[in-house]
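Colleague: Need the 3D shape of this:
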Amino acid sequence: MKRLVALLMCALLGACGLLGACATPNESQAPVPSNALFRDHLFKPPAQAVNADDVFALSEAMTRYLQVDIARQLRSDGAARGLVTALYRRDQLKLDYDTLTTRNAAQAFDARRGNCLSLVLMTAAFAKALDLQVSYQTVDVDEVWSRADGMAFLNSHVNITLGPRALHRTVGYDPGSSMTIDFLPADQITGHRNRPVSEATVVAMYLNNKAAEALSVGQLDEAYAWVRAAIHRAPEFLSPYNTLGVVYSRHGDLKAAEQAFNHVLTQRPTDRQALANMARLLNKLNRTAQAQVFQARLAALEPYPPYYFFQLGTQAMARGEYRAASDFFAKEVKRADHSSEFHFWLSVAHFRLGEIAQARRQMALAVQNSSTREEQALYGTKLQSLRTYGVQ
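Modeller: Below is the predicted model:
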C-alpha cells in the first residue's frame, strides 16, 4: 500500500486524567453503559450545543475548493492522489500543524491549521464528497504526553486510508491505488502495528478531545456535554469514561467519578490512566489503604510515570541544584525527545550552570519541536536572547 507522509506531528486523540491521562484509542467489547453513569442534573446545558453531525460537513469554501480550485488536478491525477497532493503539498493549501485546538473539518480548512485528528477529519470530509472509500487506523507509536492546567494528556496517533469504492473499481483494479495519509515521519511509524478503528470511534475521539480541551480551561458544563456525546457515539471506546471520571472529580462528585473509573478498570484492568486516576480519587476520599492497592498495581506497570523526572528536575531547580536538575531534564529528553517543554527546561538548567552553548542548543531544539505558532514564537525569542548573551 502506498504511503504519503507529511512531516507533521500527531495530535491529541485521547482524554485527560488527574495528572494521569487517557488510554490509547482502543475499542473494547464493553457493554453499552446504563444511564446510571450520567449525572445530567448536576450540569448546566453548554453555552453552545454539542453536535457531532457537523464533524464532516463541508462548508461553501470547501465545496468551491473541490469544484473550482482543484477540479483539474482531481481529473488529471485521480481523486485520491489529486486530493492528497492538493491538501498536503506545502506549495498548495499550506496547512499548519497546531495542537492547541481540535477542529472539525470545516474549521480546520478555514483556519488552514489543525492537529492530527483535525487533519484526518478534514481529509475524510473531502474524500466523502469525492465518493472515495475512507478507513481509519490507530498506530501504536511511542507515547507522547503533554500537559495543561495540572492535567497530563496522552497524545496518540491515527491515520487515514483513501481508495476507490468497490462499486467504482474497474477491471484490472490495483489495490496499490489506495493511499494512507500519515502525519508522522516514516521512520517513526515503520514497524509499528496499525489497528483498524471505526468511524464512530474517530468521531468519539473528536468529541472526547473537545471535552478534554474544555476541562483544561475549567469549563465543566461544556466538558460534560462533549464527553457524554462521545460515550453515546461509541460506547465501546473506553477513553471517554476516563474523561467523564475526571469531569466528575473536578466537579466534586467523587462517587460518580469512582463509578466511571471502575467502568474502565472492569473492562481493562491494566489501564494505567484509570489506575492513576482511581488511586488519586481514593486518596481524596481518605480511603488510603485502597488507594495503595491501585498505586502498587500502577507502579508494577509503570515505575517511572510521565513527567516523573521532569518533576524531580523542577524541584531541584527550585532548590538551586542546577546540576541535578540538568540530569533529570536530560533523562526526560532521552525518553521524550519530541517535547519542547523538556528541551526548554534543560536549556534553562544549562544556562544556570553557565553552559551557554548547551543552553542555546537545547533552546533551538525547543523551537524545532514546538507544536504551536505561539510556542515557537516564545522559544524563538528566548533563543535569540541566548544567541546575543555575552556579546558586546
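
Colleague: all strands in the stretch 51-200 of the chain, in order from the N-terminus.
Modeller: 96-97, 113-114, 132-139, 144-148, 151-155, 158-164, 179-182, 194-197 (DSSP state E, counting those that start in this stretch).

Colleague: what does the second one rub up against?
Modeller: Taking CB atoms under 8 Å, 6 or more residues apart in numbering as the criterion, the residues outside strand 113-114 that touch it are A11, L95, D96, Y97, D98, T101, T102, R103, Q107, A108, M122. Placement of C-beta: from N, CA and C, glycine included.

Colleague: Now, of those, which are buried?
Modeller: A11, L95, Y97, D98, T101, T102, R103, Q107, A108, M122 (16 or more other CB atoms under 10 Å).

Colleague: Mind checking which of these land in helices?
Modeller: Q107, A108, M122 (DSSP state H).

Colleague: Now flag whichever of those is closest to G82.
Modeller: M122 (15.6 Å; CB to CB).

Colleague: And the next helix or strand past the helix or strand hosting Y248?
Modeller: Using DSSP states H and E, Y248 falls within helix 239-251. Moving toward the C-terminus from helix 239-251, the next helix or strand (DSSP H and E) is helix 254-267.

Colleague: Figure out how far that following helix is from the centre of its chain.
Modeller: In terms of CA atoms, centre = their mean, to the nearest Å, the centre of helix 254-267 is found 23 Å from the chain centre.

Colleague: Output the below-cut-off pLDDT ranges for this protein.
Modeller: 1-34, 90, 140-156, 165-177, 183-192, 390-392 (pLDDT under 70).

Colleague: Domain-wise, how is it divided?
Modeller: For the chain, automatic domain parsing gives the domain ranges 2-224, 308-388.

Colleague: closest one to Q267 among those?
Modeller: Among these, domain 2-224 sits nearest to Q267 (CB to CB), with 4.5 Å.

Colleague: Could you work out the end-to-end span of stretch 258-275 for me?
Modeller: 11 Å (CA to CA, to the nearest Å).

Colleague: Over to stretch 228-247?
Modeller: Start-to-end, stretch 228-247 (CA to CA) is 11 Å.

Colleague: Export the domains of the chain as JSON lines, with columns for distance to K255.
Modeller: Listed next are the domains of the chain as JSON lines, based on distance: least, CB to CB, whole Å:
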{"stretch": "domain 2-224", "distance to K255": "10"}
{"stretch": "domain 308-388", "distance to K255": "29"}
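
Colleague: what about those domains, which gets the closest to L282?
Modeller: domain 2-224 (11.5 Å).

Colleague: burial measure for Y389, as a count.
Modeller: A count of neighbours around Y389, defined by other CB atoms under 10 Å, yields 11.

Colleague: Who are the contact partners of it?
Modeller: Y389 neighbours (CB under 8 Å, 6+ apart): I356.

Colleague: now swap in S59 and tell me
Modeller: A106, F109, D110.

Colleague: Tell me who's in contact with the second one.
Modeller: So the one you mean is F109. Taking CB under 8 Å, 6+ apart, one finds S59, A61, M62, Y65, M122 in contact with F109.

Colleague: Touching, Q107 and L119? I think so.
Modeller: No. With contacts defined as CB atoms under 8 Å, Q107 does not count as touching L119, sitting 11.5 Å away.

Colleague: in which helix or strand would I find the closest residue to T102 other than its chain neighbours?
Modeller: Take T102 and drop its neighbours on the chain: the residue closest to it by CB to CB, 6 or more residues apart in numbering is N209, 3.9 Å away. For N209, the host element (DSSP H and E) is helix 199-216.
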